[in-house]
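>>> What would the 3D arrangement of this be:
(4 chains)
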Number of protein chains: 2
Amino acid sequence: MTTIRGARARARIEVTAAIKDEARRQLAAEGAAKLSLRAVARELGMVSSALYRYFPSRDELLTALIVDAYDAVGATAESAIAPPAAPAPTARWLALCRAVRAWALAHPHEYALIYGSPVPGYTAPRDTVAPAARVGAALISIARDAHRSGGLALPSLAEEIRPEAHRLTATLAPDLPPAAVVALVAAWSQLFGLISFEVFGQFNRLVEDRDAFFDEAVARLAHETGLGAHPAGALPGSRAGSRSGG
Amino acid sequence: MTTIRGARARARIEVTAAIKDEARRQLAAEGAAKLSLRAVARELGMVSSALYRYFPSRDELLTALIVDAYDAVGATAESAIAPPAAPAPTARWLALCRAVRAWALAHPHEYALIYGSPVPGYTAPRDTVAPAARVGAALISIARDAHRSGGLALPSLAEEIRPEAHRLTATLAPDLPPAAVVALVAAWSQLFGLISFEVFGQFNRLVEDRDAFFDEAVARLAHETGLGAHPAGALPGSRAGSRSGG
DNA sequence: GTCTATAACGAGATAGAC
DNA sequence: GTCTATCTCGTTATAGAC
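Next up is the predicted model:
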């Protein structure tokens, strides 16, 4: 009967979630390298072999955590720029960056899992590729909007980067100018450089007002990406007065 | 006698170096979280208790590795911009960035140790602060030279960042304009964002010509920092009048 | 079919007695 | 320094409950 199947399915979903929750707890406490199926099982009152009904190996459990983390930060980024968010590209850019940063600060261990050092002995399977691309795709959609409304201002590219620029454009956004795609990929990695330095402690005892510093740096990044002008002070901040890019 | 003392000191240095070498090997194989004094000792044919004569704890061994790594990348950065390197700020900036990236790609595990996820359960002691600052100090010295020769072109700062900007300036480089210091700290973190994405695999199956991409991104960063004009022409909307060029 | 429990493997870490 | 007894781990085989 469907009720029985439904009950079983529900139980399975609940146990799977409990396993991942406990695994995340261990991630925070001991790090991904020491994630242990046995410890997870013990903490849940199960026997280790029972876990194999849910995750065929330790690596698959890790993969599930990684996919969940990418999906969480990706969903955060997407909802930060979804309507009815502010329509101006610079405002959406800032909203996305702030949302990703907030997620990272709220989930530092999951952030470390996906954007920190690789886990020794673990190689990511294909399953992680699509979730990992969501933040980048959200960035691209901002650039696309800006481009459609004529708000993308970019320099021509140096000779040496042109072949790579065309590859990236074909892969990521054939409708955008290659210069924009290169700038976007660079800004993408630099955004996570800012966040990683804060989450991983490089700003300790150096940067105090990290909200303000992040906003400033990210506004500069937007400008570098051609998204909008950044002359003194006209930043779309918590107050009104945001800008249109043209 | 001094000869005996000298021989003992030499032996101590050699053993210390051997321990760190073996520890680095384990770092690469198993990750920092699983670094084990016992395993190091076994591999060296020593007994674990003997190691404690050289490093009083696992954490102190980790600290030594971290300090070594910071010193290595710091020395690399410094020698990349030391005379008789090219004098133009943009050229020195590019040289520094390339050198740091090359070091990171050649020593990915040591890079991960210092710029990747924090090691669970380990908190860095004061000893790491000074070595960790060397790359940043090298970046500052480039900006200082550019500023002295009138080659730093920067926008005025937004209201919200000014207090932080003055704190940073007082801490890092009181002789530089606050806008330059803020831009420098941002560029510093963004440079390592670029490198981390490459070293940690985020560019896999995405960026092919990574040399070209890195050079392009780092040239943009230099421009954002006020160091010089972008190779393929000025970015639109940029405040004018930078450069002497190189 | 779906799940959990028992037991075991080979490998490695660990604590303490000697 | 050495040795041993006792832990941990991932993983598998198997048996039985629902």
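>>> Give me the phi and psi for residue A:202.
phi -70, psi -20 (degrees, to the nearest 10).
>>> How about it, nearest residue that isn't a chain neighbour?
Residue nearest to residue A:202 in three dimensions, not counting chain neighbours: residue B:189, with 7.0 Å by CB to CB, 6 or more residues apart in numbering or on different chains. The way it works is simple: take the backbone N, C-alpha and C, and place the C-beta from them, glycine included.
>>> Could you report the distance from that neighbour to residue B:46?
Using CB to CB, to the nearest Å, residue B:189 is found at 40 Å from residue B:46.
>>> from the chain's centre, how far out does the lowest-mean-pLDDT helix or strand in chain A sit?
When the helices and strands of chain A are compared on mean pLDDT, DSSP states H and E, helix A:2-30 comes out lowest with a mean of 85. Distance of helix A:2-30 from its chain centroid, counting by CA atoms, centre = their mean, to the nearest Å, is 24 Å.
>>> Residue A:146 - how many residues pack around it?
Using other CB atoms under 10 Å in any protein chain shown, residue A:146 has 27 neighbouring residues.
>>> pLDDT at the closest residue to it other than its chain neighbours, what is it?
Spatial nearest neighbour of residue A:146, excluding adjacent residues (CB to CB, 6+ apart): residue A:89 at 3.8 Å. pLDDT recorded at residue A:89 is 93.
>>> check contacts around residue A:89.
A:142, A:143, A:145, A:146, A:149, A:151, A:222, A:227, A:228, A:245 (CB atoms under 8 Å, 6 or more residues apart in numbering or on different chains).
>>> Let's test this: mean pLDDT of the helix or strand where the fourth one lies, rounded?
Assigned by DSSP states H and E, residue A:146 belongs to helix A:134-148. The predicted model gives helix A:134-148 an average pLDDT of 96.
>>> what packs against that helix?
If contacts are counted by 3 or more CB pairs under 8 Å, 6 or more residues apart in numbering or on different chains; DSSP states H and E, helix A:134-148 sits against helix A:58-81, helix A:89-106, helix A:178-199.
>>> now these in CSV, with distance to DNA strand D?
Supplementary listing: those in CSV, determined by distance: least, CB to the nearest atom of the strand, whole Å:
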stretch, distance to DNA strand D
helix A:58-81, 4
helix A:89-106, 26
helix A:178-199, 25
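>>> anything in stretch A:64-84 sitting right up against chain B?
No. Counting by CB under 8 Å from any CB of the partner chain, no contacts exist between stretch A:64-84 and chain B, the nearest distance being 11.2 Å.
>>> Go ahead and name everything in contact with that stretch.
For stretch A:64-84, using CB under 8 Å, 6+ apart, the contacting residues are A:20, A:23-24, A:27, A:55, A:92, A:95-96, A:98-100, A:102-104, A:107, A:110-111, A:113-114, A:124, A:127-128, A:131-132, A:134-135, A:137-139, A:141-142.
>>> Could you count how many residues lie near the residue nearest to residue A:202?
Count around residue B:189 with other CB under 10 Å applied: 25.
>>> Is it in contact with residue A:193, as I believe?
Yes. In this structure residue B:189 lies within contact range of residue A:193 using CB atoms under 8 Å: 4.8 Å.
>>> Buried residues, stretch A:94-102. List them.
Across stretch A:94-102, burial judged by 16 or more other CB atoms under 10 Å in any protein chain shown covers A:94, A:95, A:96, A:97, A:98, A:99, A:100, A:101.
>>> Could you list which residues are in contact with the fifth one?
So that's residue A:98. Going by CB under 8 Å, 6+ apart, the list of residues near residue A:98 reads A:80, A:214, A:215, A:218.
>>> do you know how far residue A:76 is from residue A:25?
Residue A:76 is 21 Å from residue A:25, by CB to CB.
>>> Would you pull up the residue in chain A closest to chain B?
residue A:193 (1.7 Å; CB to the nearest CB).
>>> Now for that residue: which residues touch it?
Residue A:193 neighbours (CB under 8 Å, 6+ apart): B:189, B:190, B:191, B:192, B:193, B:194, B:196, B:197.
>>> what does residue A:169 give?
With CB under 8 Å, 6+ apart, residue A:169 has these contacts: A:176, A:177, A:178, A:181.
>>> Could you dump these into TSV with pLDDT added?
Shown next, in TSV, are these (pLDDT from 0 to 100):
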residue	pLDDT
A:176	96
A:177	96
A:178	97
A:181	97
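>>> Can you tell me which of those residues comes closest to DNA strand C?
residue A:181 (44.5 Å; CB to the nearest atom of the strand).
>>> how about that closest one, what does it touch?
A:140, A:165, A:168, A:169, A:172, A:173.
>>> quick one: which of these is most hemmed in?
residue A:165 (24 neighbours).
>>> hang on, that residue packs against residue A:177?
No. Assessed by CB under 8 Å, residue A:165 is found out of contact with residue A:177, at 9.0 Å.
>>> okay, how far is it across stretch A:154-170, tip to tip?
Terminal residues of stretch A:154-170 lie 18 Å apart, using CA to CA, to the nearest Å.
>>> hang on, the earlier thing: can you redo the contacts of residue A:181 as JSON lines with secondary structure?
Rendered in JSON lines, the data for these read as follows (DSSP: H, G, I helix; E, B strand; the rest coil):
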{"residue": "A:140", "secondary structure": "helix"}
{"residue": "A:165", "secondary structure": "helix"}
{"residue": "A:168", "secondary structure": "helix"}
{"residue": "A:169", "secondary structure": "helix"}
{"residue": "A:172", "secondary structure": "helix"}
{"residue": "A:173", "secondary structure": "coil"}
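>>> Quick check: the farthest pair among those residues?
A:140 and A:165 (14.4 Å; CB to CB).
>>> Where does pLDDT dip in chain A?
Scanning chain A for pLDDT under 70 picks out A:1-5, A:229-246.
>>> Around DNA strand C, pick out the residues from it.
Counting by CB under 7 Å from any atom of the strand, the residues of chain A close to DNA strand C are A:8, A:11, A:12, A:15, A:46, A:47, A:48, A:49, A:50, A:53, A:54.
>>> so what's the third one up against?
By CB under 8 Å, 6+ apart, residue A:12 lies in contact with residue A:54.
>>> Could you chop chain A up by domain?
A:1-56, A:58-224 (automatic domain parsing).
>>> Now find how far off-centre the longest one is within its chain.
In other words, domain A:58-224. Worked out by CA atoms, centre = their mean, domain A:58-224 lies 6 Å from the chain centre.
>>> First-to-last residue distance for that domain?
Termini of domain A:58-224 sit 42 Å apart (CA to CA).
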